[in-house]
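Chemist: Build the 3D model from these lines:
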Amino acid sequence: MDLHFGDSKPTDEEKAAVDALLGPPESSWEGADRSDADLRWARGGREARERRDLLLPGLHAINDRIGWISEGALDYLCRRLTVPPAEAYGVATFYAMFSVKPRPATVLHVCTDLACAATGAADLCAGVESRLGLGSGVSVQRSPCLGLCERAPAALAIKAGDPVRTAVAAPATVEAAVLAASAPDSADEEPPAAMAVPQAGDPSLTLLGRVGVVDPSSLDDYRAHGGYTALRRAFELGPAGVIREVTDSGLVGRGGAAFPTGRKWQATASQPDHPHYVVCNADESEPGTFKDRVLMEGDPFSLVEAMTIAAYATGAHQGYLYLRGEYPRALRRLESAIAQARARGLLGGDVLGQGYAFDIEIRRGAGAYICGEETALFNSIEGYRGEPRSKPPFPVEKGLFGKPTVENNVETLVNVLPILTMGAPAYAAIGTARSTGPKLFCVSGSVDRPGIYELPFGATLGELLTLAGVRDRLRAVLLGGAAGGFVRPDELDIPLTFEGTREAGTTLGSGVVMAFDDTVPLPRLLLRIAEFFRDESCGQCVPCRVGTVRQEEALHRIAERTGAAAAGDIALLREVGRAMRDASICGLGQTAWNAVESAIDRLGAYE
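Modeler: Modelled structure (predicted):
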């Protein structure tokens, strides 16, 4: 390993931020103020390299304390972890929330993605940028989806310091966004998570039943409402019995791929290589998706319990919860829940006195949509750029740290609790034969009651939009987010199941349902989708790296042309779209053309 450090030195505050995470350095090699004699050899170098996975938390520590990552701070972190600075620079510049150039301590992220764009994000950005000009001490950053679509438009203020402070303005006005940037202590003024659940308090709810009913900061309240009943049932069944229940329930992944959860767990549990890991993918970055955020903010103990069950079933003793960096309240709630569970013997060396050891570590993302892909997420945790890996081998064989790993998103894991409490047959009776159980839908856009809705699989799109109060003059509905597809207003009888949407030529995806009336300029919306995929492509494979740029360029040209002049670019879009779909390494490139294609073919977007 060739380490080339520069001459820049960290400030005392930067060193303090790193040392607070890693502990004090033990030698001059690591940056301690001692004699240069011990620079001739790297004491503890092997141990330091084994902590490479702390690179991302280290970058967060510096960025949170200072507001940006200087060359001296990066070099110091690299010395502590024996990571080549060139590699660490590549990691730091991979994430949108980090900066390697000086900037003000306060950054105001203003969402410009689909739901916010449809509710005046452009005017909000212009107003905020006008009010917070140069010299204000605030950096205004136009941001992809912040996961606050039910309260669009949205802004998130982050003020570096010890501790870092945050504030959310949603729905945001210019005044509210400026106030959030100038007074980021107002984080607790956010409305409760239950405000995002129009059905809150309905006794028939399965996944959302505790949101708005249980105090999310109280373990006792959670247990008084059925908490940890499922884990006790898991210990009664044993690992094989838990996997059998999950398999018989018909539960499939809720992130969009719809892979059978029981098969994934069984494949991981049967691997002879150890240790095994459990990873919760809480990096929901699909524009229009916010269901996992609401679950984590409103019912955090349910996720801790569900991860413990998944680990017990698959023989894992360590879990990682990868949380997107734009969710500060979810972070606080989960940190509190994990600490309380650990203090009460529900995590740690002897869970519930059963002789089973399991613990959870939270890892924060830093603004990279691609890290929602499971292998990119593993690379991110390990301290590398969040680029997808080629498969096979699959994660159940070689996942996190090269070991067998089960990865599920928040909604999938939380479904395990009712499976164990009500039994697999009762759970499988909900929904349809091929799509079992309840499903969460993120409804936003041109509706009167945006939010998270829980319905059994099989309800129609029209029934869901009626619950949400769809407005007149409906122009289109986007299913599945930016990676999904559009449907027409006369197609609202589509059943909301994986097979039903597939037969209708669209996708259910992660459960995004975004309605747009005729006041929303569809071509501008498509251009924003293309901009999103261009920005979020990791650049690893040529079809996606080049194709997303060509797609955006063609849509810019089409916006300025009509008729025959645009026909050539539409033909080019189809050719580029096919290449991305067929040859991209991961789902980002494979789905980057879906929404544009459906808008052209189903909606006649450019006719």
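Chemist: what's the distance between residue 472 and residue 207?
Modeler: When C-beta to C-beta, to the nearest Å is the yardstick, residue 472 and residue 207 sit 31 Å from each other. Glycine gets a C-beta too; all of them are placed from N, C-alpha and C.
Chemist: Those two: which is more packed in?
Modeler: Comparing residue 472 with residue 207 by neighbour count (other C-beta atoms under 10 Å), the higher total belongs to residue 207, at 22 against 7.
Chemist: Next, the contact list for the more buried one, please.
Modeler: 295, 411, 414-415, 418, 438, 440, 454 (C-beta atoms under 8 Å, 6 or more residues apart in numbering).
Chemist: can we see that at 10 Å?
Modeler: The neighbourhood of residue 207, defined by C-beta atoms under 10 Å, 6 or more residues apart in numbering, consists of 254, 291, 295, 299, 302, 411, 414-415, 417-418, 437-440, 452, 454.
Chemist: so where's the protein shaky on pLDDT?
Modeler: Low-confidence segments of the chain, defined by pLDDT under 70, span residues 1-3, 28-29, 33-48, 184-188, 562-565.
Chemist: now do 50
Modeler: In the predicted model, the chain carries pLDDT under 50 at residues 1, 187.
Chemist: one step back: so which of the contacts of residue 207 are in helices?
Modeler: By the criterion of DSSP state H, membership of the contacts of residue 207 in helices covers 291, 295, 302, 411, 414-415, 417-418.
Chemist: What subset of those is buried?
Modeler: Neighbour-count burial within the ones in helices among the contacts of residue 207 applies to 291, 295, 302, 411, 414-415, 417-418; the criterion is 16 or more other C-beta atoms under 10 Å.
Chemist: residue boundaries of the strands in the chain?
Modeler: Secondary structure of the chain (DSSP state E): strands at 106-111, 138-143, 155-159, 165-169, 276-282, 316-323, 359-364, 405-409, 438-445, 451-456, 474-479, 485-487, 512-517.
Chemist: I'd like the ones you listed as TSV, with distance to residue 501 and mean neighbour count appended.
Modeler: Conversion of the strands of the chain to TSV gives the following (distance: least, C-beta to C-beta, whole Å; neighbours: other C-beta atoms under 10 Å):
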stretch	distance to residue 501	mean neighbour count
strand 106-111	26	26
strand 138-143	29	20
strand 155-159	31	27
strand 165-169	32	24
strand 276-282	22	26
strand 316-323	27	22
strand 359-364	32	18
strand 405-409	18	26
strand 438-445	11	25
strand 451-456	14	22
strand 474-479	6	24
strand 485-487	9	25
strand 512-517	11	26
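Chemist: And stretch 320-337, what's buried?
Modeler: Judged by neighbour count (16+ other C-beta under 10 Å), stretch 320-337 contains these buried residues: 320-334, 336-337.
Chemist: again with stretch 529-539
Modeler: Buried residues in stretch 529-539, counted by 16+ other C-beta under 10 Å: 529-534, 536-538.
Chemist: give me the beta-bridge partners of the residue nearest to residue 598 when sequence neighbours are not counted?
Modeler: Leaving out its chain neighbours, the residue that sits closest to residue 598 by C-beta to C-beta, 6 or more residues apart in numbering is residue 485, at 3.6 Å. Taking DSSP bridges, one obtains residue 479 as the residues bridged to residue 485.
Chemist: which one of the contacts of residue 207 is nearest residue 246?
Modeler: Closest approach to residue 246 among these (C-beta to C-beta): residue 415, at 8.9 Å.
Chemist: Hmm, residue 431 and the closest one touching each other?
Modeler: No - assessed by C-beta atoms under 10 Å, residue 415 is found out of contact with residue 431, at 11.1 Å.
Chemist: what sits in contact with each of those two?
Modeler: Where contact means C-beta under 10 Å, 6+ apart, the residues bridging residue 415 and residue 431 through contact with each are 437-439.
Chemist: Run a quick neighbour tally on residue 255.
Modeler: Residue 255 is surrounded by 25 other residues when neighbours are defined as other C-beta under 10 Å.
Chemist: ok now do it, which residues does it touch?
Modeler: Shown here is residue 255, whose contacts under the criterion C-beta under 10 Å, 6+ apart are 281, 284, 286, 289, 292, 372-374, 407-412, 509-511, 587.
Chemist: Now do the phi/psi pair for it.
Modeler: The phi/psi pair for residue 255 (degrees, to the nearest 10) reads phi -90, psi -10.
Chemist: Check residue 391 too.
Modeler: Dihedral angles for residue 391 - degrees, to the nearest 10 - are phi -130, psi 140.
Chemist: That one and residue 470, how far apart?
Modeler: Distance of residue 391 to residue 470, given as C-beta to C-beta: 39 Å.
Chemist: One more: residue 521?
Modeler: 19 Å.
Chemist: Looking at these two, which is more packed in?
Modeler: Neighbour tally, residue 521 and residue 470, criterion other C-beta under 10 Å: the higher count belongs to residue 470, 23 against 14.
Chemist: Quick check: nearest residue in space to residue 338, chain neighbours excluded?
Modeler: What sits nearest to residue 338 in space, not counting adjacent residues and going by C-beta to C-beta, 6+ apart, is residue 360, at 5.4 Å.
Chemist: which residues sit in contact with the one you found?
Modeler: Residues in contact with residue 360, defined by C-beta under 10 Å, 6+ apart, are 278, 280, 303-304, 307-308, 311, 318-321, 334, 337-338, 341-342, 347.
Chemist: same deal with residue 329?
Modeler: Residue 329 makes contact with 166, 168, 187-188, 190, 193, 216, 293, 296-297 under the criterion C-beta under 10 Å, 6+ apart.
Chemist: Please apply the same query to residue 209.
Modeler: By C-beta under 10 Å, 6+ apart, the contact set of residue 209 is 199-203, 225-226, 299, 302, 418, 454.
Chemist: And residue 142, by the same measure?
Modeler: By C-beta under 10 Å, 6+ apart, residue 142 lies in contact with 109-113, 121-122, 125, 128-129.
Chemist: how does it look with 8 Å?
Modeler: Going by C-beta under 8 Å, 6+ apart, residue 142 touches 110, 112, 125.
Chemist: quick one on the thing from earlier: out of the buried residues of stretch 529-539, the closest to residue 544 would be?
Modeler: Minimum distance to residue 544 across the buried residues of stretch 529-539 is 4.9 Å, recorded for residue 537 (C-beta to C-beta).
Chemist: Alright, calling it a day.
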